[in-house]
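1. here is a sequence with its predicted model. Questions after.
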Number of protein chains: 4
Amino acid sequence: MADAATTVAELKDVVRHFVEERAWQPFHAPKNLAMGLAVETAELMEHFLWVDGAASSELVKQPGKREPIADELADVFCYLLNLSMALDIDLSDALRTKMAKNALKYPAEKYRGKYTV
Amino acid sequence: MADAATTVAELKDVVRHFVEERAWQPFHAPKNLAMGLAVETAELMEHFLWVDGAASSELVKQPGKREPIADELADVFCYLLNLSMALDIDLSDALRTKMAKNALKYPAEKYRGKYTV
Amino acid sequence: MADAATTVAELKDVVRHFVEERAWQPFHAPKNLAMGLAVETAELMEHFLWVDGAASSELVKQPGKREPIADELADVFCYLLNLSMALDIDLSDALRTKMAKNALKYPAEKYRGKYTV
Amino acid sequence: MADAATTVAELKDVVRHFVEERAWQPFHAPKNLAMGLAVETAELMEHFLWVDGAASSELVKQPGKREPIADELADVFCYLLNLSMALDIDLSDALRTKMAKNALKYPAEKYRGKYTV
């Protein structure tokens, strides 16, 4: 699994290099990147539109479905990395900080097995 | 910068641990996670709704704005990590594979400085 | 049912009057209105995030749920009306034209009971 | 302008007839329709992704752009009508009720020319 050996900064570098080679930085206002992130997220969501929850778990196992879904996931990640670079926000820091807030907001013993109390 | 020293797998572990402590796995059908990703993306986008592109770059520098925006970025990342785990897709692999396809689709010399040709 | 006696133009007038009273037209670039439409759509979608399809049909019957959902539906409609005015597009014409295209794209006998063939 | 002579109920009838001819009602859980609404909204938004606000107003005047944008607007409206039928919510009532709430929330004299105070 490449995720085990790849830092977030390495993936930022892959994306930054791609953008710089094309001189696309002027397009990358946070407003535009947030819109692009939403567009790609909708394309990912579209794969699961007409199936129910259980079937959505099976879908990715179909030949011919795994690769397009992985591609959409990558597109979302690409915009997220670009946006974090445009905003100069460290994603690992932001995630850990927010998960610590979530842990206070959703105490484990109170929310076990349910999303609302 | 924590991104330089943090692997994607380490962040997956942070999120997985949080979900397991609350026994939230039954809610995490890919269909639901894709919807949640779209909901969080919209909350992030809302910060940039009424400003133009240039102002959206400045926004994150305002006191009182950086933290809420970083939190929304983290929420999006959290759903993306959860979704990649539910789908058993390696994010680093997926990103590199997709960027290689993008490099073929958008040759640098042809697309330099423009998004359409 | 007010829908039986209300034209789309009358609803456009309600929204136009509201916007003019506040002099909000300068904010109403199509780009912004499309983003706002997406933000409101996500707020509507959030009501159905953790329930399955069958439960989503029951949700609106719960006391305390019908009004917030109707409000979100109205917010989406409000942005759609604003966007159609900003673009000078007649919604009734656009809908009928598109449904005629859809009828050719999805022949009834071929698609009966299924979304893909 | 057809909007001046077309009631919302007439447009609901167009959409209902289309759905019934294809026996698509079983797919139309509110959860699915809300997702579909979000997917179509993103496709509409994509037209305005890389242009700024001012250019987004001009875009619809380009030959070859007006029809695709009108089609996306119609797709969004189609899902909104389907969702209002699935939820048994009157759109005209919902809009007027919500605009009355908005008028109290955003007093005209206080919000003239600005979105936040």
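-> Yep, that arrived. Small disclaimer: the values here were computed from a predicted structure and weren't measured.
2. roughly how far apart are the residue most central in space within chain A and B:Val19?
-> Closest residue to the average C-alpha location of chain A: A:Phe77 at 4.2 Å, with Cα atoms, centre = their mean. Distance of A:Phe77 to B:Val19, computed by Cβ to Cβ, to the nearest Å: 19 Å. Heads up, the C-betas are built off the backbone N, CA and C, glycines and all.
3. and for A:Asp90?
-> From A:Asp90 over to B:Val19 (counting by Cβ to Cβ), the distance is 23 Å.
4. please say which of those two ends up with more neighbours.
-> A:Asp90 (21 against 18; other Cβ atoms under 10 Å in any protein chain shown).
5. now do the contacts for that one.
-> Residues near A:Asp90 by Cβ atoms under 8 Å, 6 or more residues apart in numbering or on different chains: A:Ser84, B:Met1, B:Ala2, B:Asp3.
6. tell me which parts of chain A are close to chain D?
-> A:27, A:32, A:35-36, A:38-39, A:41-43, A:45-46, A:48-50 (Cβ under 8 Å from any Cβ of the partner chain).
7. mind checking which of those are in helices?
-> A:Asn32, A:Met35, A:Gly36, A:Ala38, A:Val39, A:Thr41, A:Ala42, A:Glu43, A:Met45, A:Glu46 (DSSP state H).
8. out of the residues you listed, who's the most crowded?
-> Busiest of those [other Cβ under 10 Å] is A:Thr41, holding 33 neighbours.
9. in chain A, what residue comes closest to chain D?
-> A:Ala42 (3.2 Å; Cβ to the nearest Cβ).
10. keeping just the C-alphas, turn the longest helix along chain A into PDB.
-> Criterion DSSP H: the longest helix present in chain A is helix A:66-86. Extracted in PDB, the C-alpha atoms of helix A:66-86 (Å, rounded to 0.1, in the frame of the first residue of the first chain):
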ATOM      1  CA  ARG A  66     -13.100   0.200  -9.600                       C
ATOM      2  CA  GLU A  67     -10.900   2.300 -11.900                       C
ATOM      3  CA  PRO A  68     -13.400   5.100 -12.700                       C
ATOM      4  CA  ILE A  69     -14.200   5.400  -9.000                       C
ATOM      5  CA  ALA A  70     -10.600   5.500  -8.000                       C
ATOM      6  CA  ASP A  71     -10.000   8.200 -10.700                       C
ATOM      7  CA  GLU A  72     -12.800  10.300  -9.200                       C
ATOM      8  CA  LEU A  73     -11.400   9.900  -5.700                       C
ATOM      9  CA  ALA A  74      -8.100  11.100  -7.000                       C
ATOM     10  CA  ASP A  75      -9.700  14.100  -8.700                       C
ATOM     11  CA  VAL A  76     -11.200  15.100  -5.400                       C
ATOM     12  CA  PHE A  77      -7.900  14.600  -3.600                       C
ATOM     13  CA  CYS A  78      -6.100  16.600  -6.300                       C
ATOM     14  CA  TYR A  79      -8.300  19.600  -5.700                       C
ATOM     15  CA  LEU A  80      -8.100  19.300  -2.000                       C
ATOM     16  CA  LEU A  81      -4.200  19.300  -2.200                       C
ATOM     17  CA  ASN A  82      -4.300  22.300  -4.600                       C
ATOM     18  CA  LEU A  83      -6.700  24.200  -2.300                       C
ATOM     19  CA  SER A  84      -4.500  23.500   0.800                       C
ATOM     20  CA  MET A  85      -1.500  24.800  -1.100                       C
ATOM     21  CA  ALA A  86      -3.400  27.900  -2.300                       C
END
